[in-house]
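[1] no sequence for this one, just the structure:
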């Protein structure tokens, strides 16, 4: 049994998510809403047999009830998400936010997906691509011992960063830093993002630095990090340890590479995969709750 | 070359780019003393922040001796004529830092992106201009694109509200003809009232020659650093450049002797190592590597017993850009692995 879902945003992230959702055994994508009638994303959606609109959420909203849409994924931008979310939530649709708007609580599946069960939340936020790639490893260190400061550097290929990401670069750094603290468990977080235009495009790289309060327990941290990587690999097989953990005084550094499945953009764009695969994993968990009757959101106005 | 009668604004970097060469450890007292002396010499614009700009304090780039806010609050009120600028790299710093710098009394904000990524600077340039600041778009590693592409990116920054655009030779890779072509393209293609600037590094000892080429091609502002204190082999040594400009009849408004005193008496004694074209910085200039990587590569090379020059060459091959300091240790660790494997192999 599947739950019907709508995808809002037909850019890089939305289109990659659509391709993954079409393979899901819990999520049934039925609508894609974009704003550019000529976008490649909408054309792909049509070709896959989905209903489409180029009038954004407004073109979608009146069809939600008839098409039994219960979950919407928003992959637009931090600036339009609040508006989208209000309209969708009013129709009793659960919103999974892939923008860095961060209205709802953060969701980083391998760390805190289970915490969202049974909470009747109507909006959850997926932090950022860099957050999904790094926060699990901050958490892997902080579950061993207290981390007073964690910092991540996410480097993505220029070609994989669409106009929404580029306009939202401050929201990316802020939201990711907050996620490092709230979900990663570091007392203080910092995030840096770099867009590298090299040709051929570079595969996404992520560096995670943690400063532990006391001397790091090297064996326990190494094991915890490897366990967490295996957990992420369940939904992003190309999530790979390049180097580390390196221990230097109280500094723990982990060097990761994220290769994507090459669904929409080629394999270098692991930043898309880690975000869309995490969002889909969250969506599937909520779909199961809906199917089991444990989660039912009411439309505010019908 | 005839530059007689031209007017150029010199912008000093030793308290920002120089932070790289000092592992971001310049003290507040040193900041005040150097900035005051530069002010007295007639320098119009002085940059003060972490080497990687506002918000650069980090494990990746290094934690500074004091915060950007403390540096700015200490230096700005001491200036009689000079104005203070701050650098901001979107992806590292945010508009929150920009607002903080404005509240500290900064006159100029320079928003820096890699030379192909100008469209990440929209929100920052826009805000700086709205706040009434002198707003500069700073296109780094400009050797990596053709003049035509550089102009396209410059036009984006201009459209967001930048009133001055810089061609930045972050790797010290350019030769005078490269500068002439790029500054010429900017001058020819941007609005007449948009100023043009050039920021050089001395890795191939081309700081002075490149800056002269920039002026000839239409640059209004030139960056340099007293005694050259800056990343890599340093920036264009400003006291030397000012003396050259004086000989050539270019107006800078900066006192030749006072500026050489600042360099010799205040800045040189601050140096932890001689700022010169050593082998590593020469490699950077030759291979086109971001100058700020220098001391990080030396430190990591020492830790893992890998020649820092080998690390820098590899970073050049990987086409790393400004900000990717995390790749320095990654590259060294890969080299350690490779060397172990080759030792184990029969």
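    Cool, the structure landed. Not measured: the values here are computed from a predicted model.

[2] any idea where the strands of chain B begin and end?
    B:9-12, B:45-47, B:83-88, B:108-114, B:134-140, B:164-168, B:195-199, B:221-224 (DSSP state E).

[3] residues contacting the residue nearest to residue A:96 when sequence neighbours are not counted?
    With sequence-adjacent residues excluded and distances taken as CB to CB, 6 or more residues apart in numbering or on different chains, residue A:96 is closest to residue A:73, at 4.9 Å. The way it works is simple: take the backbone N, C-alpha and C, and place the C-beta from them, glycine included. Applying CB atoms under 8 Å, 6 or more residues apart in numbering or on different chains to residue A:73 gives the contacts A:5-9, A:14, A:17, A:21, A:95-96, A:98, A:279, A:283.

[4] what is the mean pLDDT for the strand or helix carrying residue A:73?
    Using DSSP states H and E, residue A:73 falls within strand A:69-74. For strand A:69-74, mean pLDDT is 97.

[5] strand partners of that strand, parallel vs antiparallel please.
    Listed by DSSP bridges, the sheet partners of strand A:69-74 and their directions read strand A:3-8 (parallel), strand A:94-97 (parallel).

[6] Between the ones you listed, which one is closest to residue B:341.
    Between residue B:341 and the strands paired with strand A:69-74, the shortest separation by CB to CB is 44.1 Å, and it involves strand A:94-97.

[7] mind checking how far the closest one is from the chain centre?
    11 Å (CA atoms, centre = their mean, to the nearest Å).

[8] follow-up on the earlier one: quick one, the helix or strand just after the strand holding residue A:73 and strand A:69-74 angle?
    Going down the chain from strand A:69-74, the next helix or strand is helix A:81-90, by DSSP H and E. Interaxial angle, helix A:81-90 versus strand A:69-74 (axes from the mean of the first three to the mean of the last three CA atoms, to 10 degrees): 180 degrees.

[9] What residues sit buried inside helix A:81-90?
    Residues of helix A:81-90 classed as buried: A:81, A:84, A:85, A:87, A:88, A:89 (neighbour count, 16 or more other CB atoms under 10 Å in any protein chain shown).

[10] Now the second one: closest residue in space, sequence neighbours ignored.
    Nearest-residue entry for residue A:84: residue A:57, 4.6 Å, with adjacent residues in sequence omitted and distances by CB to CB, 6+ apart.

[11] The third one now?
    Among residues not flanking residue A:85 along the chain, residue A:95 sits closest, at 4.9 Å (CB to CB, 6+ apart).

[12] now swap in residue A:189 and tell me
    That would be residue A:180: by CB to CB, 6+ apart, it lies 2.9 Å from residue A:189.

[13] So what touches the one helix or strand the one you found maps to?
    Here residue A:180 sits within helix A:169-182, counting by DSSP H and E. The contact list for helix A:169-182 (CB under 8 Å, 6+ apart) reads A:78, A:99-102, A:106, A:108, A:125, A:127-128, A:130-131, A:134-135, A:138, A:150-152, A:154, A:165, A:186-193, B:90-92, B:94-96, B:120, B:123-124.

[14] and if you look at stretch B:178-190?
    Stretch B:178-190 has contacts (CB under 8 Å, 6+ apart) with B:142-143, B:147-148, B:150-151, B:154-155, B:158, B:165, B:167, B:169, B:174, B:196, B:198, B:200, B:210, B:213-214, B:216-219.

[15] Return the set of buried residues in stretch B:261-281.
    If you call a residue buried by 16+ other CB under 10 Å, then stretch B:261-281 has these buried ones: B:261, B:262, B:263, B:266, B:267, B:270, B:275, B:277, B:278, B:280, B:281.

[16] Could you measure from the fifth one over to chain A?
    Pointing back at residue B:267 there. Counting by CB to the nearest CB, to the nearest Å, the gap from residue B:267 to chain A is 29 Å.

[17] measure that residue to residue A:223 for me?
    50 Å (CB to CB, to the nearest Å).

[18] For residue 92, report the pLDDT, please.
    Picked chain A for this. Per-residue pLDDT puts residue A:92 at 93.

[19] hm, I was asking about chain B
    For residue B:92, pLDDT reads 98.

[20] and the nearest residue to residue B:25 once chain neighbours are set aside, how many neighbours does it have?
    Distance criterion CB to CB, 6+ apart; nearest residue to residue B:25, sequence neighbours excluded, is residue B:65 at 4.7 Å. When neighbours are defined as other CB atoms under 10 Å in any protein chain shown, residue B:65 has 17 of them.

[21] Report the contact partners of residue B:65.
    B:24, B:25, B:26, B:27, B:28.

[22] Give me the pLDDT for it.
    98.

[23] what do you get for residue B:345?
    63.

[24] quick one: terminal-to-terminal distance for stretch A:63-83?
    Length of stretch A:63-83, first residue to last, CA to CA, to the nearest Å: 18 Å.

[25] domain assignment for the chain?
    This is for chain A. Split into domains by automatic domain parsing, chain A comes to A:3-126+A:276-291, A:129-269.

[26] looking at chain B here, not the other one
    Looking at automatic domain parsing, the domains of chain B come to B:9-270, B:292-344.

[27] Secondary structure class of residue A:28, three-state.
    Judged by DSSP: H, G, I helix; E, B strand; the rest coil, the three-state class of residue A:28 is strand.

[28] and the stretch 1-150 of chain A, which of its residues are near chain B?
    For the stretch 1-150 of chain A, the residues in contact with chain B (CB under 8 Å from any CB of the partner chain) are residue A:149.

[29] for the residue of the stretch 1-150 of chain A found nearest chain B, helix, strand, or coil?
    Proximity of the stretch 1-150 of chain A to chain B (CB to the nearest CB) peaks at residue A:149, 7.8 Å away. Of the three states, residue A:149 takes strand under three-state DSSP.

[30] picking that back up, wait, the residue nearest to residue A:85 touches residue A:83, no?
    No. The criterion here is CB atoms under 8 Å, and residue A:95 misses it with residue A:83 at 11.6 Å.

[31] what's the pLDDT at the residue of the stretch 1-150 of chain A closest to chain B?
    Looking at residue A:149, its pLDDT reads 98.

[32] List the beta-bridge partners for it.
    Beta-bridge partners for residue A:149, by DSSP bridges, are residue A:211.

[33] Run through the residues that contact it.
    Going by CB under 8 Å, 6+ apart, residue A:149 touches A:186, A:187, A:188, A:189, A:190, A:210, A:211, B:59.

[34] What separation do you get for it and residue B:57?
    11 Å.

[35] cool, residue B:220 as well?
    Between residue B:220 and residue B:57 the computed distance is 32 Å (CB to CB).

[36] Neighbour count for these two, which is higher?
    Neighbours per residue (other CB under 10 Å) separate residue B:220 from residue B:57, with residue B:57 holding more: 21 against 17.

[37] Pretty sure that one sits against residue B:50.
    Yes. Counting by CB under 8 Å, residue B:50 is a contact partner of residue B:57 at 5.7 Å.

[38] What residues does the stretch 101-250 of chain B have near chain A?
    Proximity of the stretch 101-250 of chain B to chain A is confined to B:114, B:116, B:117, B:119, B:120, B:122, B:123, B:124 under the rule CB under 8 Å from any CB.

[39] returning to what we had before: which residues do residue B:57 and residue B:50 both contact?
    Shared contacts of residue B:57 and residue B:50, defined by CB under 8 Å, 6+ apart, are found at B:24, B:64, B:68.

[40] Neighbour-wise, give me the winner out of those.
    Counting neighbours by other CB under 10 Å, residue B:68 leads the shared contacts of residue B:57 and residue B:50 with 25 neighbours.

[41] correct me, but that one touches residue B:50?
    Yes. Between residue B:68 and residue B:50 there is a contact at 5.9 Å, judged by CB under 8 Å.

[42] For residue B:336, list the residues it contacts.
    B:304, B:306.

[43] can you pull the contacts of whatever residue of the stretch 51-200 of chain A ends up closest to chain B?
    Using CB to the nearest CB, the closest approach of the stretch 51-200 of chain A to chain B is made by residue A:198 at 3.7 Å. By CB under 8 Å, 6+ apart, the contact set of residue A:198 is A:157, B:318, B:319, B:321.
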